[in-house]
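> this one's structure only:
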């Protein structure tokens, strides 16, 4: 298989866990793609490998950032519509040496790779992580019966075969689990909740433990600023209606070119916010982002929709009080609003009110400790993977 290049001498043995994830970039290695692969493999005593293709970067440009995590890179993928035939060749050759195959998103290709793997290795474990956007899933469920008769028959047969062969399908939130259960989307005995989390031990060792006395009157948001999904404009509109009383707001992440006009108008209309609402831009080092989390008291997410954003467990780990629109994961991460504030999606008035209320009352040390406890109980990778690990037998 000379089309496949791998890092750190990654060879195929029978104790492999392979995650198939197209177009893997550096940042994926410290998020769910890399961390589930690494931590699941650690618990199950398997060798973690990420198989990637469709990359717009050269192989050598993808750094090995996470110790112990191996990367297999398919050069010049042979794509025909949604399938990569080199991935198929890879599975045909290696399926019997893969103890657990992990794929992402309920796409046609991800389901196909699971089906092929299980046909080649009946003893292997096939696991799909959905990364579910609840609102989008509701639309798909509503449209299901609107498909043509032939398409419906073909897709139903394909989905039934996948459901019969796959071992586990995970969803990130309680709300998502309930939605899929009520609509019989996947076999109940195979459906499991696996939230996104953080490696608290790694973060504490490399970036230091968080302390309440380090906290300042700082609000942060993290993401691709100005894209439709993140709805950064909603946050600016809310800040326009907010007296910050000396608090500073840092917006962290790359800024869409089309959003610059909105930023200019915000400062033009609100000159009093020039020095306390600050666009940081993209952070080149992970340590820079961690420093913002450590200093901040409040984290805001103003998104229109999400799956389960990794910024949620990151913010929670550092004791940030979370103010969020009611996207997927917001209820779980805030303990149904007990440890945070939930606002209607797109509602400027509610978001402004939530910000005003929290900076007026400030964050108490008791709230801070409760947030940290909630993080440790439910949103470390060990906690998130506990149930799934208990179900899997790869002996």
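That came in fine, so what should we check first? Computed from a predicted structure; not experimentally measured.
> Just the terminal-to-terminal distance for stretch 194-207.
25 Å (Cα to Cα, to the nearest Å).
> Please identify the buried residues of that stretch?
194, 195, 196, 197, 198, 199, 200, 203, 207 (16 or more other Cβ atoms under 10 Å). (Glycine included, C-beta is placed from N, CA and C.)
> got it, and stretch 160-180?
For stretch 160-180, the buried set under the neighbour-count rule, 16+ other Cβ under 10 Å, comprises 161-162, 165-173, 175-177, 179-180.
> Flag the shaky bits of the stretch 51-200 of the chain, pLDDT-wise.
Within the stretch 51-200 of the chain, the stretches with pLDDT under 70 are 55-65, 144-152.
> Go again with 90.
Applying pLDDT under 90 to the stretch 51-200 of the chain flags the ranges 53-85, 131-156, 184-185.
> Helices along that one, start to end?
Counting by DSSP state H, counting those that start in this stretch, the stretch 51-200 of the chain has helices at residues 85-94, 108-120, 134-143, 149-165, 174-182, 200-207.
> continuing past the last one, what's the next helix or strand?
If I follow you right, that is helix 200-207. Following helix 200-207 in sequence order, the next helix or strand is strand 218-222 (DSSP states H and E).
> other SSEs contacting that next one?
Here strand 218-222 touches strand 248-252, helix 286-295, strand 298-301, helix 311-317, going by 3 or more Cβ pairs under 8 Å, 6 or more residues apart in numbering; DSSP states H and E.
> any idea how far the residue nearest to residue 221 when sequence neighbours are not counted lies from residue 199?
Of all residues not flanking residue 221 in the chain, residue 300 sits nearest, at 4.8 Å (Cβ to Cβ, 6 or more residues apart in numbering). Separation of residue 300 from residue 199 (Cβ to Cβ, to the nearest Å): 24 Å.
> go on, residue 336?
Distance of residue 336 to residue 199, given as Cβ to Cβ: 26 Å.
> thinking again about what came up before, which ones are touching the residue nearest to residue 221?
Each residue near residue 300 by Cβ atoms under 8 Å, 6 or more residues apart in numbering is listed here: 219, 220, 221, 235, 322, 323, 324, 351, 355.
> Burial check on the fifth one, number of neighbours?
To tie it back to what came earlier, the one meant is residue 322. Residue 322: 21 surrounding residues under other Cβ atoms under 10 Å.
> And residue 373, by the same measure?
12.
> mind checking which helix or strand it is in?
Here residue 373 is assigned to helix 365-378, by DSSP H and E.
> ok, residues contacting that helix?
195, 198, 200, 210, 212, 215, 313, 316-317, 319-321, 332, 335, 339, 383-384.
> and of the contacts of residue 300, the nearest to residue 154?
residue 324 (39.2 Å; Cβ to Cβ).
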